[in-house]
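Asker: let's see this in three dimensions:
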Amino acid sequence: MAKVRFRDVLNSTDRPYVIQCTADGETLSRRIGALSDCTQPRKIDFHGCAEDEDLFAAVIRGLSMPYSQLNWDGFYDAMRDLSWIEAGSINIVVLNGVSLYRRNPNLFQRFASLLDAVGAQWAKPVTEDGPWDRRPRPLHVLFASSRKSDLPLPLLDINI
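Answerer: You can find the predicted model right below:
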């Protein structure tokens, strides 16, 4: 990715929705939180995750989801809802994503692909004249990593 302003990425409804950032998770989270028009970032820690159940448990904890367990269909539905997250850009920082990728690259790819689809859904307005109507809302998942070659994702150089 070309050099862009971090605020512009976080407030954009354009792709990429799933991004690798060369920064540690705490620094990345602080930087996101400092931007006034963004909600406080949520953090998902994939330390020790290798299977679907581990991933879903980490997501439930990190996003404070009102569920006790998930499967892939439920995860997709929950990520399209996110009604418990305050208004503004939705930014999720993933810690230890490289560990998940190394342990189970297929699980990592499935997770990243689903989040890309969810980001595309949030980028569109819902106008069905019902309670779910909403304006487009940016959703980005930022994988913190130490090296540029750690993950098969678009790389964002944000100069943190």
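Asker: the longest helix in this structure is where?
Answerer: Secondary structure of the chain per DSSP state H: the longest helix is helix 105-122.
Asker: secondary structure element for the nearest residue to residue 150 once chain neighbours are set aside?
Answerer: Closest residue to residue 150 apart from its sequence neighbours, by Cβ to Cβ, 6 or more residues apart in numbering: residue 98 at 4.7 Å. C-betas here are computed from N, CA, C, even on glycine. Residue 98 belongs to helix 97-103 when assigned by DSSP states H and E.
Asker: quick check: mean pLDDT of that helix?
Answerer: What helix 97-103 shows for mean pLDDT is 96.
Asker: leaving out the residues flanking it, which one is nearest to residue 64?
Answerer: Excluding the flanking residues, the one nearest residue 64 by Cβ to Cβ, 6+ apart is residue 84, at 6.6 Å.
Asker: and the helix holding residue 98, what does it pack against?
Answerer: With contacts defined as 3 or more Cβ pairs under 8 Å, 6 or more residues apart in numbering; DSSP states H and E, helix 97-103 has these neighbours: helix 105-122, strand 139-145.
Asker: ok, the residue nearest in space to the middle of the chain - contacts?
Answerer: The chain has residue 141 as the residue nearest its centroid, 2.2 Å off, counting by Cα atoms, centre = their mean. Applying Cβ atoms under 8 Å, 6 or more residues apart in numbering to residue 141 gives the contacts 17-19, 91-92, 94, 112, 115, 119.
Asker: what about 7 Å?
Answerer: 17-18, 92, 94, 115 (Cβ atoms under 7 Å, 6 or more residues apart in numbering).
Asker: identify the bridge partners of it.
Answerer: Taking DSSP bridges as the rule, residue 141 bridges to residue 18, residue 92.
Asker: give me the distance between it and residue 15.
Answerer: Plainly put, residue 141 is 12 Å away from residue 15 if you go by Cβ to Cβ, to the nearest Å.
Asker: same thing with residue 116?
Answerer: Separation of residue 116 from residue 15 (Cβ to Cβ) stands at 7 Å.
Asker: thanks a lot, see you next time.
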